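Trainee: Below are the sequence and a predicted model; questions follow.
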Amino acid sequence: MGKEVKEPYVVKDVAGKLGQAFLRNPLTAVLGIVILALGWIALSTMPREEDPQIAISGGGIMVVMPGATPLEIENIISKPLEKKLREVQGIQHVYSTSMNNVGIVNVMYYIGENREDSNLKLYDKVMQNMDQMPQGAKQPLIKPFDIDIDVPIISIAFYRNANSKLSLVEFNEEIRKLKHKINSIENVAKTTISGAHKEQYNIEVDVNKLSAYHLSMGQIMTAVKQLAVNVPEVKGRTNGNQLVFFGVSNAIHSTKDIESVMVTSYRDSPVYLRDVAKVEKGIDKQNFQDVELIYRPNNDLSKPLSANIGQLTLSVSKLAGTNAVFVAQDVMKLIDEEKPHFEKLGIEYRKTRDYGQRANAAVDELMHHLVITIIIIAIMLVFALGWRESLIVTFSVPAILAITLFIAYMTGQTMNRITLFAFLLSLGLLVDAAIIVIENIHRHLHSPEAKDKEMGALLVEATDEVGGPTNIATLAIIMTMVPMAFVGGMMGSFMKPIPYNVPVALFASLVVAYIFTPYLSLKLLKKPEHDESHDMEHNPYGICEICQGEHHTEKHDEQTKTTKEEK
Amino acid sequence: MERLETFVYWILTSKFRKTMVIALTIFAFFASLLMFPTGGVLARMLPGKSATTYSIYVDTPTASSIEQTKKVTSCVTNILRNEKEILDMSIFYGQGIPLDYAGLVKGSLMKRTENVAEISVNLTPIHEREEASFLMISRLRPMIQETCQNLVPGTVIKMIEQPSGPPTLAQIVLEVHGEDIPQTRRIAVEVANIFKETKDLVDVDIMADDIYKKYQLLPDIEKIAKLKLGIEQVNNILYLAFQGMVVATKNSEHRSVQTPIYLVLSDKTRRLRDSSKDAIKSKLSSLTLMNRQGLMIPLTEVVQIIKVNSTPMIMHKDLKRMINVIAETDNVSQVYPLLDAREKMVEYFSKAYTVTNAPFSTYMFDLELVHKITGAKYLLRWDGEMKVTLDTFRDLGAAFIAALVLIFFLLVIYYKSFALSGIILGGSFLSLIGVILGHWVADIVTTETFFLTATSLIGFIALMGISSRNSLLLIDYAMGLIKNEGMEKKEAIAKASATRATPIFLTAVAIILGSALLAGDPIFGGLGVALISGTVAAVFVSLLFVPVLMDNAKAMLPDDCEEREEK
């Protein structure tokens, strides 16, 4: 090789250009801090969920036709409707169920179809063909699926303790009031109470008495119907042109009013409803949809589970794209505020589902994994390269993750198991760029030629040198990930965060490696005392050869000195 | 490093040793591929996920009463009472639990009959519990099903795990398509019986109504007209008497809902003696209708009672009649029991049908049955997780091939040589050896079955990128040595292997350490193991196998100095 003409190193890769541009730029440090801050903001405010959202769209159409058998329904409702719906573009499957009295047709759109459009198309198709509806069929009921709104993120079981004096109806009413309050919380979509019972006047007719009085059920029905009429008030005018309002009030105020309905007269004496039936103000007993709870008091595992007690489950869903963690917290806060009031009434509650907490736990656990992994890699690098070099690589990881997180946040993604999976997957890959750069810098610094070189130029050169192959290699890895974005179906939709985030992280890893690694090396690394002789005799890249023992400009030298002093 | 250099050089200098390396590698590749058919490594879409909750679906036969359903659920909860790790259970009668991802596709939302109930069970937090939820389920399942399913004959109790990926109707879904309803039902029952006999298949259910005896009241139209009654009157009275009807409502200022007035026969007088025809007749005779002239006519005068079979609902999928038979697997991959059951089906149905296999597609396991006598056609189509798995693997496979092609083009652009690009790609493909062997070892080490999952595949795709980068850096360096320093080819390759070994090892160790924590995760374990073992394989491939191929490639030499090789 020998001595050759010393020429300044010519930067030829984007790696070197980036490194050079940011090497002595005072804004580099600011940029670093801003990136970390943005990442932190994204981390703390990004919506968290356990599983990524899958764009499932579909809907159901229910047509009631009283008295029709399944075969009839199949022929005149399901088949024509199915055929029409097949014409809609984007529908993957049409399912139908033909039962007695009712036909239900469900459609599933291809995963990823726009939900609003799909719902509209469905509605449109049915409405266009309303004229072909068979006679006797009722108005079709069109119900689009809405997963975000249909899947509650939090559910709470309310039950009365032994001291409670509330009746079932009053208890239900309390929970309904609470439900109303929860509805006003920001980002709450739908609240539902399961196991609720309504207040109801029950008229139970004794069939034997009915025949004794020669009555039919129809007569009783008519009699009750006539009583319970609601009419608006009427306006009357006085001679002095003043308005006077009067109206008939609803005749039913209590059980007594219903009991005293005269049904018929039997041998000239009136027959009242109470003579043939028992009337009571109770609950809707025809409703069999009860909910019961069995729980372990105070979650104390040594205690046995309680007996079955009646409960109401209040479930709350959130709007799409909002943070499950925050919504769940807000709901619980509101309920906890009501706790003293509930205690007075003898109402207790326990959370039976909290997706917010689960999402948080899943995200926190994976974050924990990430941190431990970064520490392990840092320790490994301390031994392999030295603690300063290790520190530089360790810095690059949070910076890369911060950029990726922030971009994910900006593009409307949520933080979920799969997003974090993408991060974990890329973790092993994204330290590589930094490792390769720092390893080359390390090699250059320890090479015998280093002492003749100016620090900054050496760093840029070391960075630039590995730029080409690193770019290609990273591009290759990105290319393996990108096609995954085209995997279809539910699974494809489920793992979308991987092809979305891994390439971004890899790209960020390149940028961070080129910008911050030389910058931090300048601040942290020093040229070693040249007693060791690392062999750089075989310079593989050829570029270096030309510039071995390159001139260093006075200006650069001065700057290096000042930066070193600052440190 | 010196020894590695000599070692590589030693291999390169002998044709025999070079052939040995290639032969050994190819042997290892095919040996590892053999792990699949021999069952050394089992594949599964996604492994079970340990969760803090699971649910139990109780389905009593179609015409069961809520009391019968309650009898079964209390049997189930009594068994669960002995479980130490349960915090609470909510039992929802006649409805589904607040919708979750599993319920979303399993039709939980549609449940509103007396013969269904769902139980949601909450467990202690994952980290405080020794037994994973899926193991708990597979332990409890036989206990619950053996004890409680016989209480009401025909009951199906299903244990529903939280899906670890996108939810499906069931892991195993077999659609029995056929136009002849009774025959299709028969095939469905036979299929279900085969499922029940197949090892590892549990929770078998036919998704069709059970046929039960019911009574039909035939109105005597002539008589009705003569007696000046209406058919509607007849319908109404029956409904009013036995089902009850809300005949009027009352608004209230104190309640958030209207108070209905509900009319029904009293419970005592409504009950039938038994389910015989006589009991119905005697009950109906006490119900009377009033005609337009005020005459009372007993209901039995105008109707005739006949006993008939219920007509079950008819299901369509994409306009064709079908019945779903579903089953879950007990903590194993669905592939193997499915193939087992399919084999049995082919054997069983061959007696009465001509069985043909479907052509190769993601429906490739389907069976077509043609009845030997009637010539009626039936189709047994696999859906559910199997279809999702095949679709995903097909798409991932396509993505993988696309990735290969993209990388290949990228490399060809970079090196302007097909041979070198081929070496890099071929080399990166070989990390599959490590992936498969890693899973095999992991399966031996762990007590439960360790599956090769979709996450393993994603890991493998990422590995492609990693190992192609290793080869890339190696080739780049070696070419630099030859071009710029005029080194002899073999020497240069050996030198390059030794020099690039440091960053290759460093990045490999980073990936291995980074993935170590993942390997313990139930879902991402496959990825962790794939990355760790695949990286190890990639290191060997890059440092030993790739140099051999490089030595054989002409394109290693720069264009201008081909003659140097000749000497």
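Mentor: Looks like it arrived, so ask away.

Trainee: okay, CA-based contacts and neighbour counts for the rest of this
Mentor: Noted.

Trainee: Chain B versus residue A:495, what's the distance?
Mentor: Computed as Cα to the nearest Cα, to the nearest Å, the residue A:495 to chain B distance reads 9 Å.

Trainee: Give me the phi and psi angles of that residue.
Mentor: phi -100, psi 10 (degrees, to the nearest 10).

Trainee: tell me the contacts of the closest residue to it other than its chain neighbours?
Mentor: Closest residue to residue A:495 apart from its sequence neighbours, by Cα to Cα, 6 or more residues apart in numbering or on different chains: residue A:418 at 6.4 Å. With contact set as Cα atoms under 8 Å, 6 or more residues apart in numbering or on different chains, residue A:418 has these partners: A:51-52, A:494-495, A:497-498.

Trainee: what about residue B:194, which SS state?
Mentor: The local conformation at residue B:194, judged by DSSP: H, G, I helix; E, B strand; the rest coil, is helix.

Trainee: isn't it right next to residue B:343, touching?
Mentor: No: in this structure residue B:194 lies outside contact range of residue B:343 using Cα atoms under 8 Å: 10.1 Å.

Trainee: Show the end-to-end separation of stretch B:150-160, please.
Mentor: Taking Cα to Cα, to the nearest Å, stretch B:150-160 runs 20 Å from one end to the other.

Trainee: and that stretch, what's its mean pLDDT?
Mentor: For stretch B:150-160, mean pLDDT rounds to 90.

Trainee: and that stretch, is it in reach of chain A?
Mentor: No: using Cα under 8 Å from any Cα of the partner chain, we find that stretch B:150-160 stays clear of chain A, coming within 16.0 Å at best.

Trainee: how far out from the middle of the chain is that stretch?
Mentor: Remark: stretch B:150-160 is offset 22 Å from the chain centroid, using Cα atoms, centre = their mean, to the nearest Å.

Trainee: Please identify the helix or strand for residue B:159.
Mentor: Using DSSP states H and E, residue B:159 maps to strand B:156-160.

Trainee: Name every strand pairing with that strand and say which way it goes.
Mentor: If you go by DSSP bridges, strand B:156-160 pairs up with strand B:53-59 (antiparallel).

Trainee: same question for the partner strand, mean pLDDT?
Mentor: Taken as a whole, strand B:53-59 has a mean pLDDT of 92.

Trainee: cool, stretch B:22-38 as well?
Mentor: When pLDDT is averaged along stretch B:22-38, the result is 84.

Trainee: Quickly find the element holding residue 395.
Mentor: If you meant another chain, say so; for now it's chain A. For residue A:395, the host element (DSSP H and E) is helix A:387-410.

Trainee: nope, chain B
Mentor: Per DSSP H and E, residue B:395 falls inside helix B:385-415.

Trainee: The residue lying closest to residue B:141 once chain neighbours are set aside: neighbouring residues, count only.
Mentor: Closest residue in space to residue B:141, ignoring its immediate chain neighbours: residue B:159 at 6.8 Å, by Cα to Cα, 6+ apart. Counted with other Cα atoms under 10 Å in any protein chain shown, residues neighbouring residue B:159 total 22.

Trainee: so what's residue B:159 bridging to?
Mentor: With DSSP bridges applied, residue B:159 shows beta-bridge pairing to residue B:56.
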